[in-house]
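1. Sequence below, structure please.
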Amino acid sequence: MTCTMKKTFKIIGGIFLALIVIGNIVKLVAKPSYENSIEAQIKRANRNCPIPVANGIGQVSSITLEDNSLTYRIDYRPGHINIDAFKNNPDATRAMFYLSFVCLQAQGSYVEKMINELVSKGIGLKVLVSDGTGDKLASVMTPEYIARMKREVNLNPSEALHEALELKLAIETTGLPSQIDEGMVMTGMKLEGNNIVVSVDMSEDIYDLDIMEESSTELAMSLLNEVNAGDPELGALFDLCKVSHSGLVYRAIGSKTNRHVDIGLSSEQIRKGRKTPSQVNIR
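-> All right, here's what the predicted structure looks like:
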């Protein structure tokens, strides 16, 4: 059972890698520097590329100023990001990336200053993502879009990240239901209160919900152990849970009885058990 839970959460974790990467690369450009112009800051940040992320699953290949846009190129290894899901939801994808920038303002105003400078100079933002198989995504935020979002979106960093999570989940659920293992189908992902809830239909001919309920605490803690052992996809998911102050719930739903068993870790358990990721510096 632990293996199938891990498999499910690894799939979910992979979808959050883009947010972690964005957190990392914006800090490179936005951190304080003796180089005052944004052009100089971009050149300085690009010297750090390529920047591996999530234990090598992806990398920031370049950070450049192209066609009057601050352009980030992010490349993933095959099988770790669903480009089609983003392409099918361009508006939500663009808003998600913008909110990823906003969520970095917790410890200093450098990101806000950078955004203000982009708007004042008429420079846009562009995120180029490759899935490692030749499929690519371009998400463009014009200076006008950035200025409008800045006026309309008045969120603190944790709220911004929480809203970005909602958009991310909405984008990714377009690919559900999805077969995870024999007798196990992932049917939904949503934010329920402060918890990310992953719903999985279970064949009761194969899985015993009573046993799952009795061992729910041990199963949940085993996932935390996997994260701390360095699993990158699980780590991405738990990192986003931590910085957005969200818990994580695996909801097993019986195929015959429709009874459900929740196996989860609270936000507090995740915050205590997982170190704050350096890529997204929110306490």
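
2. use CA for all of it now, contacts and neighbours both
-> Fine.

3. which residues in this structure form helices?
-> Remark: helices assigned in the chain by DSSP state H are 2-14, 17-30, 38-46, 83-87, 90-102, 110-121, 143-152, 157-172, 209-214, 216-228, 232-243, 267-273.

4. looking at the ones you listed, which is buried most?
-> When you average the neighbours per residue for each of the helices of the chain (mean count of other Cα atoms under 10 Å), helix 232-243 leads with a mean of 25.

5. Please name whichever of the helices of the chain is nearest to residue 137.
-> Residue 137 lies closest to helix 83-87 among those, at 6.5 Å (Cα to Cα).

6. Residues in contact with that closest one: which ones?
-> For helix 83-87, the surrounding residues in contact (Cα atoms under 8 Å, 6 or more residues apart in numbering) are 93, 129, 130, 131, 135, 136, 137, 171, 172, 174, 175.

7. One more pass at 6 Å, please.
-> Identification of contacts with helix 83-87 by Cα atoms under 6 Å, 6 or more residues apart in numbering yields 93, 171.

8. cool, and stretch 135-152?
-> Residues contacting stretch 135-152 (Cα under 6 Å, 6+ apart): 94, 119, 122, 123, 124, 125, 126, 127, 128, 129, 130.

9. Now the buried members of those residues.
-> 94, 119, 123, 124, 125, 126, 127, 128, 129, 130 (16 or more other Cα atoms under 10 Å).

10. Between the residues you listed, which sits nearest residue 260?
-> residue 94 (35.1 Å).

11. Leaving out the residues flanking it, which one is nearest to the closest one?
-> residue 139 (5.9 Å; Cα to Cα, 6 or more residues apart in numbering).

12. that older thread, of all the buried ones among the contacts of stretch 135-152, which two lie farthest apart?
-> Between any two of the buried ones among the contacts of stretch 135-152 (Cα to Cα), the greatest distance is 26.9 Å, for 119 and 130.

13. if we can go back for a sec, nearest to residue 62, out of the helices of the chain?
-> With Cα to Cα as the measure, helix 38-46 is the member of those nearest residue 62 (5.7 Å).

14. helices or strands next to the closest one in the packing?
-> Packing partners of helix 38-46 (3 or more Cα pairs under 6 Å, 6 or more residues apart in numbering; DSSP states H and E): helix 17-30.

15. Tell me the pLDDT of residue 43.
-> Note on residue 43: pLDDT of 86.

16. what's the answer for residue 130, then?
-> Per-residue confidence (pLDDT) for residue 130: 92.

17. wait, what's in contact with it?
-> 75, 136.

18. try 10 Å this time
-> By Cα atoms under 10 Å, 6 or more residues apart in numbering, the residues touching residue 130 are 58, 73-78, 81-83, 136-138.
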